[in-house]
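[1] after the sequence you'll find the predicted model.
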Amino acid sequence: MVYSPLTNEVMPPTGRYKGGKKWSARPKGVRINGLNVHHHAATNDSGIRRLVTSNDPASANYIIRNNGSLIGSVPEEYRAWTTSAYANDDDKITVEIQNETGAPEWRISAAAMDTLIRLYADIAQRHRFAPVRASLKGHQEYGVATACPGPYLLPRLDDVARKAAALGGVVSGGGGASAPTPTPSGQAKLDVDGKWGTGTTTRLQQVLDMDVVDGEVSRQSATWRDDNPGCTTGWDWTGKTGDGGSPTIRRHQEILRDRGRYKGAIDGKAGPQYFTALQQDLGTKADGELWKPSTAVEALQERLNTGRI
Ligand SMILES: [Zn+2]
């Protein structure tokens, strides 16, 4: 699950098209060589809902809000359904931009424009192509009958490419609330600090290839909260018996069960049995509790940084 280090929010599509994911694998061996640019033709969040939660066959790799916030939606290694035909998106990253004003001009905000410039520079740098205008395509430039990306943005794409080129390799550090530093593979490296917060959960969800990567461990039992101070941000302790717990913990319980470590119920609840199995799997002291900092969590973070669980 690769997203730009500039990403502020991660919102993979949760809508389903004909019961399946609404994005595709890229054709084998394809290299990313450009960015396809779209506008929402909407000033509110309806465009975001359409791409993320609706069952419409539409999705985008990135979405930019009027405030400049960059949403990572379809991970870059997958082809989003954005530019009228699969072939148009096979070798491109796609971005949809919220509008600041409506018809006829469909402006985008200065903050969104700035994010677009930095995103284009970043994508060009990571995928090793020159950030020139020819690789920055407005939707209608594919010969499609659409006004997208609108009369305001289309003539400004020359300027976007020029400014992206001027940024050169210096593209990080703008606006990102928790922008991780990418490793050469494009994956974020976790801090090995022994505290299991949203960053660790996000990475665990990526490694487990979960549909939803939100950094949250949902519906946990308050009974175990005080024994596990090493569980920090993103843990929800309002769960009830039988509510399914966290899908991420459930998936991990299945893996630990298959390794002969976990004997408890596959209930999505992180309790003493799960933590003991985790500690045994990691080869750390198996006392079923996560202290702050926890050597087990440090070992987990180190393992996740190798892309495994
Ligand atoms: Zn479009």
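    The structure has been received and is ready for your questions.

[2] what does the stretch 201-309 of the chain have sitting close to the ion?
    Within the stretch 201-309 of the chain, no position lies close to the ion (C-beta under 5 Å from the ion). Where C-beta positions appear, they are placed from N, C-alpha and C, glycine not excepted.

[3] now swap in the stretch 51-200 of the chain and tell me
    Counting by C-beta under 5 Å from the ion, the positions of the stretch 51-200 of the chain adjacent to the ion are His139, Cys148.

[4] and the gap between the residue nearest to Ser294 when sequence neighbours are not counted and Phe275?
    Spatial nearest neighbour of Ser294, chain neighbours left out: Gly230 (3.7 Å); criterion: C-beta to C-beta, 6 or more residues apart in numbering. Using C-beta to C-beta, to the nearest Å, one gets 9 Å for the distance from Gly230 to Phe275.

[5] repeat for Leu119
    Shown here: Leu119 relative to Phe275, a distance of 39 Å by C-beta to C-beta.

[6] kindly report the same for Val10.
    26 Å.

[7] those two: who's more crowded?
    Phe275 (23 against 18; other C-beta atoms under 10 Å).

[8] in terms of helices and strands, where is the more buried one?
    helix 272-282 (DSSP states H and E).

[9] just how off-centre is that helix within its chain?
    Computed by C-alpha atoms, centre = their mean, to the nearest Å, the chain-centroid distance of helix 272-282 equals 28 Å.

[10] now do the buried residues in it.
    Buried residues in helix 272-282, counted by 16 or more other C-beta atoms under 10 Å: Gln273, Tyr274, Phe275, Thr276, Ala277, Leu278, Gln279, Gln280, Asp281, Leu282.

[11] just to check, the residue nearest to Ser294 is in contact with Thr295?
    No - Gly230 lies out of contact with Thr295 (C-beta atoms under 8 Å); the separation is 9.5 Å.

[12] shared neighbours, the two?
    Taking C-beta atoms under 8 Å, 6 or more residues apart in numbering as the contact rule, Gly230 and Thr295 both touch Gly194.

[13] more neighbours: which of the two?
    Remark: of Gly230 and Thr295, Gly230 carries more neighbours, 22 against 16, as counted by other C-beta under 10 Å.

[14] show me what contacts that one?
    Going by C-beta under 8 Å, 6+ apart, Gly230 touches Gly194, Lys195, Trp196, Leu290, Trp291, Lys292, Pro293, Ser294, Ala296, Val297.

[15] buried subset of those, written for ChimeraX?
    Entered in ChimeraX, the line below selects the buried ones among the contacts of Gly230, by 16+ other C-beta under 10 Å:
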select :194,195,196,290,291,293,294,296,297
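
[16] ok, the contacts of Gly230 vs Arg259, which is closest?
    Of all the contacts of Gly230, Ala296 has the smallest distance to Arg259: 15.5 Å, by C-beta to C-beta.

[17] got the buried residues of helix 272-282 as a markdown table, with pLDDT columns?
    Shown next, in a markdown table, are the buried residues of helix 272-282 (pLDDT from 0 to 100):
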| residue | pLDDT |
| --- | --- |
| Gln273 | 96 |
| Tyr274 | 97 |
| Phe275 | 97 |
| Thr276 | 97 |
| Ala277 | 96 |
| Leu278 | 97 |
| Gln279 | 96 |
| Gln280 | 94 |
| Asp281 | 92 |
| Leu282 | 93 |
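
[18] good, wrapping up.
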